[in-house]
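Enquirer: could you work out the structure for the sequence below:
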Amino acid sequence: MKKLKIRDLTLRDGQQSQLATRMSQAHVDRVLPLYAKAGFYACEVWGGAVPDSIMRYLNENPWDRLEKIKKGIGAGSKLTSLSRGRNLFGYAPYPDEVIEGFFKNSIESGLDIIRIFDALNDINNMTSSIKFAKKYGGIPDCAVCFTVDPKFTFKEKFRAFIRGKKLPTDIFNVKYFTDKAVQLEKEGAEIITIKDMAGLIHPKMTGELIRSLKANVKVPINLHTHDTPGFGLASVLMAIVNGVDIVDTVLYSFAGGPAAPAFELVQIFCDKLGIETGVDRNQVELIDEELIKIRHELAEFDTTKKFPIDFNISDYKLEPEIDSLFDKAIAAAKNEKVDELLTCTQEITAHFNFPAPDEKVKNAEIPGGMYTNMVAQLKQLKLDHIMNRALELVPECRLDSGCPPLVTPTSQIVGTQAVNLALDELNGKAPYTTVTNQFVNLVQGQYGKTPWPVDPEFRKKICGTPEEIPYDTSKYKKQPNPVLKDFGDMKLALNYKEELLIELFPNVADGFLKKKREAEWKAANPYIPPRVIKPKVLTQEDHERLYNNGWY
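Expert: Predicted coordinates:
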């Protein structure tokens, strides 16, 4: 029987997509014994927004989170995390000593697989992470960020023609992604992931790309996508029929919409295709029962507030018309009939009551998180009526900055700059009157090589020099570890793992660790109330003396 490995994203990407990463350790602890028996190939439990969010909002230690999950799941599944290459979790590239420290401690704390990506697909930014993952016994899972070419209007194309400016076409094709995968395998990648953070990979492209990767790369191929624009389930099925080795899914109650496709729907396809996933469905049902409760408990953070219908993967029987949709989808995938495939899979997700495709995100061809960030920025300024214009300016902004894939942090950088372009235009100012430091750094080359060369004249306008200036890690300054005078002269960070928190999350870790030190100091120095002096009980002799002295 054919086999397909499942990477479950529920405890990291799933809760990040659906619940703003608000699952506490207490929430996580409720499902760990069940995950230990579920039989997923891997569980993504750390990285992304988890370390920052749990310090910022839950006052929890990221290292404790990882170590408790390792203890709870044990050898039941490999634990996996997400890391942004040389940037790790931030924007600025880190020197090798910080990267090595992070990988050493992450793997010692329980990680088995670390998914390494770079927002520019600049492999030079990933080599240190690959080296250190292997050095400390981890599995480097190297991701190529999927994106599409910028879409230009007729007006933009005509203006570029008049100026003699070449617009990029067909950059992000099958050859581009395959070449990146081949390079990463040579660098030591043990898994290659197509990381489609925006859900933009069309099933037609998925089939072509998986076939190319299987023909050119020997290590396992993993597909990661989201359901935001409505392609997710169709693309996962297309990947499966074309021989993908691993797919990323989320459990039923946290799946769909901004998250990855549901494991349960993928399992139904596998049942029909005679593919073994090795996942214990009874355990999945028990996990999902807890997840439904947790989602209700965290309703204030729920991004979609739309629950799927009741469904039991351990004992299911589909209605005939729905069963037929699954069969038709498989036939369409095998015969490359992508329009029919999309129709079937979107009817399937609608039947199970998952969120409908987000047409705005689909048409804008940007990640859902980038879209919501732009909306939030403009709402704060009470200028949300210019959102459409900001979206129209994304391709121009992307082209000017070297056509970066739109993934954290480049999605935030380009999105914010597109909003600035729209504001400059609204206020009658020249384009790029207002620029962020991050955009300057991107154009300058501080984040690495962009897929498309930045125009030297534009770089001069933005950065003051036409020359590309890469980041020099020798100039990196380590974050201070101050002495806290108010708490018995304790250091802010007491060990190397806490020092890493300061390095990787300087703003949020400062407040988190100060609270931790204060609590420790108070526990060691409890407040001792002043001695209470009890009033003396007067005797008869005392009363007589007071009387004789005129007090009565």
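Enquirer: quick one: pLDDT of the closest residue to A262 other than its chain neighbours?
Expert: Nearest non-adjacent residue to A262, counting by C-beta to C-beta, 6 or more residues apart in numbering: A255, 3.5 Å away. Using the backbone N, CA and C atoms, a C-beta is placed for each residue, glycine as well. According to the prediction, A255 has pLDDT 95.
Enquirer: got the contact list for A255?
Expert: G14, D227, T249, P261, A262, F263, E264, L265, P308, F354 (C-beta atoms under 8 Å, 6 or more residues apart in numbering).
Enquirer: residue ranges in this structure under the pLDDT threshold?
Expert: Along the chain, the parts satisfying pLDDT under 70 run over 153-164, 527-552.
Enquirer: list the contacts of the helix or strand containing E347.
Expert: In this assignment (DSSP states H and E), E347 forms part of helix 338-351. Residues outside helix 338-351 that contact it (C-beta under 8 Å, 6+ apart): 202-204, 227, 230-231, 233-234, 237-238, 256, 265, 309, 322, 325-326, 328-329, 332-333, 356-357.
Enquirer: and the contacts of the next helix or strand after it?
Expert: Next in sequence after helix 338-351, counting helices and strands by DSSP H and E, comes helix 359-364. The contact list for helix 359-364, computed with C-beta under 8 Å, 6+ apart, reads A198, G199, T228, P229, G230, P367, G368, Y371, L391, V394.
Enquirer: possible to save those residues as a markdown table with distance to S411, neighbour count and secondary structure?
Expert: Output for these, formatted as a markdown table (distance: C-beta to C-beta, whole Å; neighbours: other C-beta atoms under 10 Å; DSSP: H, G, I helix; E, B strand; the rest coil):
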| residue | distance to S411 | neighbour count | secondary structure |
| --- | --- | --- | --- |
| A198 | 8 | 29 | coil |
| G199 | 13 | 26 | coil |
| T228 | 13 | 27 | coil |
| P229 | 15 | 23 | coil |
| G230 | 20 | 22 | coil |
| P367 | 5 | 26 | coil |
| G368 | 10 | 25 | helix |
| Y371 | 9 | 21 | helix |
| L391 | 13 | 20 | helix |
| V394 | 10 | 26 | helix |
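Enquirer: can you say which of the contacts of helix 338-351 are buried?
Expert: Among the contacts of helix 338-351, the ones that count as buried by 16 or more other C-beta atoms under 10 Å are 202-204, 227, 230-231, 233-234, 237-238, 256, 265, 325-326, 328-329, 332-333, 357.
Enquirer: what residues are bridge-paired with the residue nearest to G48 when sequence neighbours are not counted?
Expert: Spatial nearest neighbour of G48, excluding adjacent residues (C-beta to C-beta, 6+ apart): L82 at 4.8 Å. Beta-bridge pairing for L82 (DSSP bridges): G47, R115.
Enquirer: okay, now L82: neighbour count?
Expert: Per other C-beta atoms under 10 Å, the neighbour tally for L82 reads 24.
Enquirer: ok, now which ones touch it?
Expert: Contact analysis of L82 by C-beta under 8 Å, 6+ apart lists R12, D13, E44, W46, G47, G48, I114, R115, F117.
Enquirer: pretty sure the fourth one sits against L79.
Expert: Spelled out, it's W46. Yes. At 7.2 Å, W46 counts as touching L79 under the criterion of C-beta atoms under 8 Å.
Enquirer: shared neighbours of those two, anything?
Expert: L66, I69, L111.
Enquirer: for these, which one is nearest Q183?
Expert: Comparing those against Q183 with C-beta to C-beta places L111 closest, at 24.0 Å.
Enquirer: contact partners for the closest one?
Expert: Applying C-beta under 8 Å, 6+ apart to L111 gives the contacts W46, L66, L79, T80, S81, G138.
Enquirer: one more: K515?
Expert: N59.
Enquirer: quick one: G137 and G110 touch, right?
Expert: No. If you go by C-beta under 8 Å, G137 and G110 don't touch, sitting 11.8 Å apart.
Enquirer: comparing the two, which shows the higher neighbour count?
Expert: Comparing G137 with G110 by other C-beta under 10 Å, the one with more neighbours is G110, at 21 against 12.
Enquirer: you'd agree that one is up against L66?
Expert: Yes. The criterion here is C-beta under 8 Å, and G110 meets it with L66 at 5.2 Å.
Enquirer: quick check: neighbours shared by those two?
Expert: Common contacts of G110 and L66 (C-beta under 8 Å, 6+ apart): L79.
Enquirer: C43 in helix, strand or coil?
Expert: Recorded secondary structure, C43: strand (DSSP: H, G, I helix; E, B strand; the rest coil).
Enquirer: can you tell me how far it is from L167?
Expert: Look at C43 and L167: by C-beta to C-beta, to the nearest Å, they are 43 Å apart.
Enquirer: E185 now?
Expert: E185 is 32 Å from L167, where distance means C-beta to C-beta.
Enquirer: more neighbours: which of those two?
Expert: E185 (18 against 15).
Enquirer: how distant is stretch 367-377 from the center of its chain?
Expert: Chain-centre distance of stretch 367-377: 14 Å, with C-alpha atoms, centre = their mean, to the nearest Å.
Enquirer: ugh, wrong one, I meant stretch 169-183
Expert: How far stretch 169-183 lies from its chain's middle: 23 Å, per C-alpha atoms, centre = their mean.
Enquirer: just stretch 467-485 next, same as before
Expert: For stretch 467-485 - counting by C-alpha atoms, centre = their mean - the centre lies 25 Å from the chain centre.
Enquirer: buried residues in that stretch, which are they?
Expert: E468, Y471, T473, Q479.
Enquirer: neighbouring contacts of that stretch?
Expert: Under C-beta under 8 Å, 6+ apart, the answer for stretch 467-485 is 92-96, 98, 441, 444-448, 454, 456, 459, 463, 489-493, 499, 502-503, 506, 514, 517.
Enquirer: show me where the stretch 301-450 of the chain has its strands.
Expert: Counting by DSSP state E, counting those that start in this stretch, one finds no strands in the stretch 301-450 of the chain.
Enquirer: so which helix or strand takes in V98?
Expert: Using DSSP H and E, V98 sits within helix 96-108.
Enquirer: report the buried residues of that helix.
Expert: V98, I99, E100, G101, F102, F103, K104, N105, S106, I107.
Enquirer: what's the answer for stretch 54-72, then?
Expert: In stretch 54-72, counting by 16+ other C-beta under 10 Å, buried: 54-56, 58, 60-63, 65-66, 68-70, 72.
Enquirer: now the end-to-end length of that stretch.
Expert: One end of stretch 54-72 sits 19 Å from the other (C-alpha to C-alpha, to the nearest Å).
Enquirer: got the contact list for it?
Expert: 11, 21-22, 24-25, 28-29, 32-33, 35-36, 45-46, 50-51, 79, 81, 105-106, 109-111, 497, 501, 505, 508-509, 512, 515-516.
Enquirer: how about 6 Å then?
Expert: Surrounding stretch 54-72, the residues in contact under the criterion C-beta atoms under 6 Å, 6 or more residues apart in numbering are S24, Q25, L32, V45, W46, P51, S109, G110, K497, V508, F512.
Enquirer: what's the answer for stretch 229-242, then?
Expert: Residues contacting stretch 229-242 (C-beta under 6 Å, 6+ apart): 199, 201-203, 206-207, 210-211, 223, 225-226, 247, 261, 266, 269, 333-334, 341-342, 345-346, 349, 357, 361-362.
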